[in-house]
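Novice: Fold the following, please.
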Amino acid sequence: MGRVASRVSGKLFLVLFSLPFAGVGVFMLHLAVQAILQSQRAEAWAEIPCKILSVDLETNRGSDSTTYKCVARYAYPYNGRTYESDRVSFSKGADNIGSFQHDCFNDIKSRSKEGSITCFVNPEDPYEAVLFCAARWGMIGFYMIFVLVFGGVGFGMLIFGVFGVSGKKKEDAARLSNPEQPWMWKREWQEGTIKASDKTAMIVAIVFSLFWNVISFPIGIMAFVEGYLKNGEKGALVALLFPFIGIFLIIWAVYAVLKHLKYGMVRLQLASVPGVLGGKLAGIIHVPVHVEPEDGFQLRLKCIHHYITGSGKHSSTHNDILWEDSKLLASEMLATDHSRTALPVLFALPYDSSPSSPDVGNDGIIWRIEASAKTPGIDFKTKFDVPVFKTEESQPDFVLDDSSIQQYEKVSAPADLVRKLNLSVEPMLNGVCYCFPAARHAGTAFGLTLFFAVWTVAVVLMLKFGAPVFFPIIFSLIDLFIFWGVVDQWLVSSKVEITHRTVTVTRGIFGVAAPKTIHFKDVQSVEIAQGIQSGQTVYYSIKLITDEGKKILLGNNIVGRKDAEVLAAKIEGEIKDAE
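Specialist: Numbering: from 1, shown residues only. Purely as a prediction, here's the structure:
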């Protein structure tokens with residue numbers, strides 16, 4: 001009972017925690033709208049010549065920034081009387097947003113000398129006057145950052161908290177009823193029918209895109225027309241950034257909608273609940289339309305460690321793949337039925353892996369099935385988070401009987417695997433040579449290069465602005481590590497020559513390096529090792545293990561654990577066959 005109360009109080013805390021964020025968003029939206037309305041109202045006021053009594057540019061230096069404020073006092077005649085005012089613009093307080101304060105100061109000084117300065121006077125209240133009535137679009141753009149970021153986060157947490165409190169009641173009851181069976185806590189886990197996350201992703205994309213664009217587009221357009229075209233305020237161009245981002249959000253939402261319309265609600269029906277560590281995970285993915293892939297269906301099962309490090313603006317979300325397996329299906333179970341599609345799912349689960357976390361939160365384990373296929377137009381791609389636990393059926397030495405799925409799997413020839421991995425195999429007089437060319441993954445290499453460039457710029461800026469010496473040193477060391485990754489992706493290649501007696505490995509930049517020769521009698525095995533992870537893609541390396549336990553890298557940057565295992569087994573087979 002205490003756990004249930006704790007979960008409910010946690011949701012209520014989330015609701016309360018979201019209110020300040022949502023409040024900041026609403027308040028900043030109020031300031032932005034108020035600034036626009038004030039400007040439009042003042043443009044209809046009477047424009048009267050005035051006399052500058054005093055003008056100054058105040059400078060306020062703080063611990064981390066310097067702000068400015070143009071202050072002035074002026075006198076103006078209206079209906080036979082003389083009035084005084086000190087309002088320069090509708091902005092209050094000092095700031096450093098753009099050059100507005102400096103521009104006002106310089107403009108007042110130059111125009112007052114020429115005797116051509118005017119102010120805008122409210123006919124209904126002559127005591128109310130202002131020198132510059134145009135909206136500050138740079139400042140409004142600054143407000144919009146808080147509106148969209150704080151407002152989006154605040155209202156997002158508020159909605160999640162409100163619906164989360166009501167939506168968790170059944171789950172809490174299930175926890176009390178089945179304290180030792182966590183796979184019975186979630187309704188979809190109990191029933192064994194799991195809906196794909198596509199519809200939820202579509203709704204999130206639509207809501208967030210609408211929220212962003214309804215606010216950003218009107219203000220962005222007004223900033224460009226009123227601020228930049230009419231008044232030449234370059235700071236107004238900052239406000240255009242938000243509708244520019246909004247265009248990409250619209251594309252994201254439209255894509256999600258079209259994808260859902262094309263494939264409908266996809267479901268995974270599990271054969272049994274849960275998937276068993278030291279056992280199997282089996283089921284069928286049901287697609288309500290007929291899918292015709294260009295080159296089969298790719299199924300992947302991943303064990304993901306989801307966790308968050310740091311806090312506040314310094315927090316980072318990580319999704320480390322701890323284990324994965326994959327299958328390529330040449331056909332599906334209802335190939336003759338052109339109204340729907342059924343994909344068989346069958347995987348062996350490692351006994352020593354971590355079980356699913358019913359509440360992932362800031363640190364937990366997710367077991368996820370991903371299904372994809374290249375099709376004309378929008379590709380088929382979906383995913384399901386599935387329950388995987390240890391049960392009484394778990395066996396450390398479990399061996400999967402996959403005969404029921406073999407008829408659907410695609411049998412790849414060795415040449416297909418080599419071509420898929422962008423490798424080459426060349427026959428030799430007394431054996432064979434495996435070549436691992438450089439730059440096999442141009443997309444990953446380009447992304448890492450871009451990241452290296454950004455990181456290097458950060459290091460340069462630290463040095464330029466005199467950051468404490470500790471930070472440039474640490475960041476420079478990391479930069480060197482990233483640089484080597486860039487070199488490895490673009491320039492490093494290797495050759496593995498297997499003859500009738502030895503394995504010769506030559507690996508280096510442009511393939512230039514001193515060769516390493518290992519006699520067959522000294523080879524213990526050829527194994528794979530998990531390497532770097534880019535997004536949700538894990539790259540594996542293949543290593544030769546000697547009898548002395550020495551590990552010699554044969555090749556790396558291989559996508560897919562199963563393909564890496566097949567390639568390692570093939571190389572090991574070549575060695576044994578050549579003995």
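Novice: Please count neighbours and contacts with C-alpha atoms only from this point.
Specialist: Fine.
Novice: elements contacting the host helix or strand of Gln298?
Specialist: Per DSSP states H and E: Gln298 is located in strand 297-309. On a contact count with 3 or more C-alpha pairs under 8 Å, 6 or more residues apart in numbering; DSSP states H and E, strand 297-309 meets strand 316-329, strand 363-373.
Novice: how distant is it from the center of its chain?
Specialist: Here strand 297-309 is found 14 Å from its chain centre; the criterion is C-alpha atoms, centre = their mean, to the nearest Å.
Novice: That strand: which residues count as buried?
Specialist: By neighbour count on 16 or more other C-alpha atoms under 10 Å, the buried set for strand 297-309 is Phe297, Gln298, Leu299, Arg300, Leu301, Lys302, Cys303, Ile304, His305, His306, Tyr307.
Novice: Next, give me the two most distant ones among the residues you listed.
Specialist: Phe297 and Tyr307 (30.0 Å; C-alpha to C-alpha).
Novice: Quick one: the strands in the stretch 51-200 of the chain, in order.
Specialist: Listed in chain order, the strands of the stretch 51-200 of the chain (DSSP state E, counting those that start in this stretch) span 51-61, 66-78, 81-85, 118-121, 129-130, 193-195.
Novice: name the helices or strands packed onto the shortest one?
Specialist: Using 3+ C-alpha pairs under 8 Å, 6+ apart, the elements in contact with strand 129-130 are strand 118-121.
Novice: partners of the strand it packs on, with directions?
Specialist: strand 46-49 (antiparallel), strand 129-130 (antiparallel) (DSSP bridges).
Novice: Tell me the buried residues in it?
Specialist: Thr118, Cys119, Phe120, Val121.
Novice: CA atoms of stretch 487-495 as CSV?
Specialist: Extracted C-alpha coordinates of stretch 487-495, given in CSV (Å, rounded to 0.1, in the frame of the first residue of the first chain):
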residue,chain,number,x,y,z
VAL,A,487,40.7,9.0,-38.3
ASP,A,488,39.6,5.4,-37.7
GLN,A,489,36.3,5.9,-39.5
TRP,A,490,37.7,7.7,-42.5
LEU,A,491,41.3,6.3,-43.0
VAL,A,492,42.0,3.1,-41.2
SER,A,493,41.7,-0.2,-43.2
SER,A,494,42.8,-3.7,-42.5
LYS,A,495,43.6,-6.9,-44.4
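Novice: just the helices in the stretch 1-150 of the chain please.
Specialist: For the stretch 1-150 of the chain, applying DSSP state H, counting those that start in this stretch gives helices covering 2-42, 100-114, 137-167.
Novice: Which of those sits closest to Ser65?
Specialist: Judged by C-alpha to C-alpha, the one of these that comes nearest to Ser65 is helix 100-114, at 15.2 Å.
Novice: buried ones in the closest one?
Specialist: Neighbour counts over helix 100-114 (16+ other C-alpha under 10 Å) mark Phe100, Gln101, His102, Cys104, Phe105, Asn106, Ile108, Lys109, Ser112 as buried.
Novice: and the nearest residue to the last one once chain neighbours are set aside, how many neighbours does it have?
Specialist: Spelled out, that is Ser112. Distances taken as C-alpha to C-alpha, 6 or more residues apart in numbering place Ile52 nearest to Ser112, at 6.4 Å, with adjacent residues excluded. Residue crowding around Ile52 was assessed by other C-alpha atoms under 10 Å; the count is 21.
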